[in-house]
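>>> Only the shape, not the letters, is given here:
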């Protein structure tokens, strides 16, 4: 049966295709009623009656709007479906929304004047975001695509990036089931324009990601990516390779303390070691409950609602946050450790050992270290936002240096301004650091000896020395990112000589930018000075003019709702899915009490206090190099500084090799010579990488190989007698293959199991370098092909005992015939001498002669498998 209305509406299904009612049971009333009540049939009937309905078969616009809204809220496809289950309709509708979004992205890519890519790869998962600017200065951003299970080498990342870009530039790609629209079409113009417009790629500092960026730009061998010579360079106009500063600045926390044995041990005892009390409390529900009860009893003025110490090691702040919380809630933490020790819990011995090792000096040192790490966290958080202004990073770096010099310099502001150190000092002076240990009361007091304080600040000065060296590595002044500082609206306000080292040199910066972007340095500087006063105007005074200047289609473009889809659906943990109803409404607080009530508020107070200390400090100019000979300076400090200097030199060589240095930079002949050596080393390393990539590709293709019949045409084959007259033999005879009964004349053996062929077949194949194939491959069922290397072409002297000749006559004849083959370099010796390579004997003779070989042992020793040609065949094509 056929439904005329559904057929004329070009619907799919049994009723439209005329296959309904094929069974007698389909003639029942419920079967007809079910079709009559379907929405698609109703719309088809309305169209058939010319009642003016929209496209038949397509869901209503309201359904798409509802699905888009649910997707923006982070719902899964299963949850979006009204029946809370996956369906082909839901998958097809989401694919349509995806194509609609990609259409906007393709249009933006085609109109882009410059494109920047942000690439994040980890554990074979790749996320690429993009930002672009059009000729009318319209800025667009979003997610370009994701990839997974692609590999973790530099070549793998380049291939995955190219795959994502091609996927975006392909219309109607990868449709779901029941799709009957246009075929997929690759938009080569969009792809080439996007490639040529990419000028910046920001990645992590991992070596494979840096290599991927250089390979895509053509600075390293393209063979690292693939052997396809038709593929053009992925990013031919790449000018900048950025290293994510949020990741690189994190080394300001991780590297310096590790080279100081005292600080390393202190941080492990307090926070990082798995047996530390911080980790014990963090990962134990019972201990965490005890800590929460103690926090409530402490009645701290900055909040009693904390539930953990934020000591999860995978977190970005896993060094600074737990140490700060321990010190802020120190009485509660010590009371928790004492209670654990008294109750004889599993962590009791560790709690007792921690309390025994606790001294006032260790607490003060922990406070100083926590202050330093919070300053590093402030810098990291400042650059770990999407809206960060690159031109403001030099000012943030200078402020970071000034603050550290104020805290740990001659003025010792860490003891005066609000912070972890001053908090510990107040606790020690008030006698609040007390606890019971083995029924004894212990109380820690502020040390009266100035030598202790001198020792603490000398240790922090050594720590600051390494921090400065790490900062020079992670923020070199010759990069284009540092040169972007000339576009900043705020002038440099560094108060220390150390911070002035990171100030922007306008002349050199304009030179670097002009060289990279092919501009005139003088004209660039003049243009910047012309527009800078207008940029410094208050926003309120120019807001209306900017709104009037904005293009009308950008103000009320309803389709731009699709642009929210990638940012809202990628991660519900980093973005808010719904707007807060109290957004913009400040919480009521008592006057003068705005910074009380939470740890975050206390941190804001601390940081404002450091700002005031920097402004009022008398002396910020102290040379950290003066502490190199201090008792607290160790060989590990020197080793870390040497390591950082080597990294700085490697980065300088890389910048020089790729032409990133300007004419104003002092480049000597020695650096040019080293750059040439580095280039030769890169060429050598690229050959190794290409070899590794090809080996990996061969290993991957070995299990999914398709053998062509043309490659077997004209060969002679040998087949087991049991297969005579079989279907496989008939197939081989029609493919221009000649059968032979002489094993030495056969080029290929077809057997039941190529892994365990007949004994004589294996001997001939292993000695003469033949190939053995499963007979199932001929019938299209797949199988193995094993190819041996011809070992008879390698010089070898073989002695065969008389007993072996008599017992294994056929094997002995095979060895003789193999020695007589053309190209053979084997020699059969009549007597056993020291020059004999192998001695072939029976099993009984091998028991008395350990260096002799039996029949099976001999074949395992001499046979060599050709791994590049031995594959698992899917079929013969």
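Received the coordinates, thanks. These numbers were taken from a predicted model, which means no experiment stands behind them.
>>> From now on I want contacts and neighbour counts done on CA atoms only, so please keep to that.
Will do.
>>> If you tally nearby residues, what's the number for the closest residue to residue 341 other than its chain neighbours?
Once flanking residues are discounted, residue 341 sits nearest to residue 348: 4.1 Å by Cα to Cα, 6 or more residues apart in numbering. Counted by other Cα atoms under 10 Å, the residues lying close to residue 348 total 18.
>>> Distance check, residue 348 against residue 287.
11 Å (Cα to Cα, to the nearest Å).
>>> Name all residues that sit in contact with these two at the same time.
Jointly contacting residue 348 and residue 287 under the rule Cα atoms under 8 Å, 6 or more residues apart in numbering are residue 340.
>>> pLDDT weak spots in the stretch 301-450 of the chain?
Low-confidence segments of the stretch 301-450 of the chain (pLDDT under 70): 314-317.
>>> for the record, mean pLDDT for the helix or strand residue 292 falls within?
Per DSSP states H and E, residue 292 falls inside helix 285-298. Mean pLDDT, computed over helix 285-298, is 89.
>>> just how off-centre is stretch 723-733 within its chain?
53 Å (Cα atoms, centre = their mean, to the nearest Å).
>>> again with stretch 344-358
For stretch 344-358 - counting by Cα atoms, centre = their mean - the centre lies 39 Å from the chain centre.
>>> do stretch 598-616 as well
35 Å.
>>> Name the residues that touch that stretch?
Outside stretch 598-616, the residues that touch it by Cα under 8 Å, 6+ apart are 301-303, 402-403, 406-407, 413, 417-419, 495, 595-596.
>>> Output these in TSV, with neighbour count appended to each entry.
Formatted as TSV, the contacts of stretch 598-616 follow (neighbours: other Cα atoms under 10 Å):
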residue	neighbour count
301	11
302	17
303	18
402	26
403	28
406	28
407	27
413	24
417	21
418	21
419	27
495	21
595	15
596	16
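>>> Please identify which pair of those residues lies farthest apart.
Among the contacts of stretch 598-616, the pair separated by the greatest distance (Cα to Cα) is 303 and 495, at 35.4 Å.
>>> for the protein, longest helix please?
Assignment by DSSP state H gives helix 669-701 as the longest helix of the chain.
>>> Starting from it, tell me the next helix or strand along the chain.
strand 705-707.
>>> Now that following strand: buried residues?
By neighbour count with 16 or more other Cα atoms under 10 Å, strand 705-707 contains the buried residues 705, 706, 707.
>>> what helices or strands is the helix or strand that comes right after it leaning on?
For strand 705-707, the succeeding helix or strand toward the C-terminus, using DSSP H and E, is strand 716-719. Where contact means 3 or more Cα pairs under 8 Å, 6 or more residues apart in numbering; DSSP states H and E, strand 716-719 is packed against strand 738-739, strand 748-751.
>>> quick one: buried residues of the following helix or strand past strand 716-719?
Later in the chain than strand 716-719, the nearest helix or strand by DSSP H and E is helix 727-733. The neighbour-count check on helix 727-733 (16+ other Cα under 10 Å) flags 728, 729, 732 as buried.
>>> just stretch 210-227 next, same as before
Buried residues in stretch 210-227 (16+ other Cα under 10 Å): 210-226.
>>> which outside residues touch that stretch?
154-159, 201, 203-204, 233-238, 241, 658, 682-683, 686, 689-690, 693.
>>> roughly how far out does it sit from the chain middle?
For stretch 210-227 - counting by Cα atoms, centre = their mean - the centre lies 18 Å from the chain centre.
>>> what pLDDT, on average, does it get?
pLDDT averaged over stretch 210-227 gives 92.
>>> swap in stretch 236-246?
Mean predicted lDDT for stretch 236-246 stands at 90.
>>> Distance across that stretch, terminal residue to terminal residue?
27 Å.
>>> Show residues contacting that stretch.
Against stretch 236-246 from outside (Cα under 8 Å, 6+ apart): 195-205, 210, 213, 216-218, 380-381, 383-384, 474, 480-481, 516-517.
>>> redo that, cut-off 7 Å
196-205, 217-218, 380, 383-384, 516 (Cα atoms under 7 Å, 6 or more residues apart in numbering).
>>> Only the buried residues of it, if you could.
Of the residues in stretch 236-246, those buried (16+ other Cα under 10 Å) are 236, 237, 238, 239, 240, 241, 242, 243, 244, 245, 246.
>>> So which of the contacts of stretch 236-246 is the closest to residue 291?
So of those, ranked by how close each gets to residue 291 (Cα to Cα), first place is residue 380, at 29.3 Å.
>>> Now the closest one: closest residue in space, sequence neighbours ignored.
Using Cα to Cα, 6+ apart, the closest residue to residue 380 is residue 246 (5.2 Å).
>>> before we move on, what SS does that neighbour have?
helix (DSSP: H, G, I helix; E, B strand; the rest coil).
>>> Residue 241 too?
Local secondary structure at residue 241 is given as strand here, using three-state DSSP.
>>> roughly how far apart are it and residue 212?
Applying Cα to Cα to residue 241 and residue 212 gives a distance of 10 Å.
>>> got the contact list for residue 271?
Contacts of residue 271 (Cα under 7 Å, 6+ apart): 278, 279, 322, 323.
>>> so where's the chain shaky on pLDDT?
Along the chain, the model assigns pLDDT under 70 to residues 24-26, 52-57, 314-317, 492, 539, 542-597, 663-666, 875-877.
>>> Which helix or strand contains residue 785?
strand 783-787.
>>> again, but for residue 145
Going by DSSP H and E, residue 145 is part of strand 139-148.
>>> what lines up beside that strand in the sheet?
Strand 139-148 pairs in its sheet with strand 125-134 (antiparallel), by DSSP bridges.
>>> What is the distance between the partner strand and the centre of its chain?
For strand 125-134 - counting by Cα atoms, centre = their mean - the centre lies 15 Å from the chain centre.
>>> Need the contact partners of that strand.
Looking at what lies outside strand 125-134 - Cα under 7 Å, 6+ apart - the contacts are 111-121, 139-149.
>>> Including distance to residue 866 and secondary structure, could the contacts of stretch 598-616 go into TSV?
Shown next, in TSV, are those (distance: Cα to Cα, whole Å; DSSP: H, G, I helix; E, B strand; the rest coil):
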residue	distance to residue 866	secondary structure
301	74	coil
302	71	coil
303	70	coil
402	65	helix
403	65	helix
406	68	helix
407	67	helix
413	71	helix
417	73	coil
418	72	coil
419	68	coil
495	69	coil
595	74	coil
596	74	coil
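>>> out of those residues, who's nearest residue 356?
residue 419 (25.8 Å).
>>> give me every residue that touches the closest one.
371, 606.
>>> quick one on the thing from earlier: off-centre distance for the strand holding residue 145?
Worked out by Cα atoms, centre = their mean, strand 139-148 lies 15 Å from the chain centre.
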